[in-house]
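Peer 1: Model the following, please.
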Amino acid sequence: MQTLLTEKDVSFVVDKRGHKRAVQISYKKYIAVQEELERYAYFESPEAQERIRKSDEDLEAGRCARFSGKKIDKALEWLND
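Peer 2: The predicted model follows:
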């Protein structure tokens, strides 16, 4: 995963005592972070978690096949069987 924010992207609002009270980022960076969160939110859903668990079980049980890019037709046939 790429780094969305670096120290250069963030500034802090501090109080008179020097305590950090808020963080500021540009609107452009905010939108980028929101889009990234939305993209990954799906994987937190119960349905996605169940699919991930099932695929892990399939891999552990050997219910998988590997194909090279040159044999994409065979891969598609295997998926349809």
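Peer 1: Mind telling me what element the residue most central in space within the chain is part of?
Peer 2: Nearest to the mean C-alpha position of the chain, counting by C-alpha atoms, centre = their mean, stands Tyr40 at 4.3 Å. Element membership of Tyr40, judged by DSSP states H and E, is helix 27-41.
Peer 1: and what of Arg63?
Peer 2: In this structure, Arg63 sits in neither a helix nor a strand according to DSSP H and E.
Peer 1: mind listing the strands for this protein?
Peer 2: Remark: strands assigned in the chain by DSSP state E are 11-14, 20-24.
Peer 1: And those strands: which comes nearest Glu35?
Peer 2: strand 20-24 (18.6 Å; C-beta to C-beta). (C-beta placed from N, C-alpha, C; glycine too.)
Peer 1: Against which helices or strands is that closest one packed?
Peer 2: On a contact count with 3 or more C-beta pairs under 8 Å, 6 or more residues apart in numbering; DSSP states H and E, strand 20-24 meets strand 11-14.
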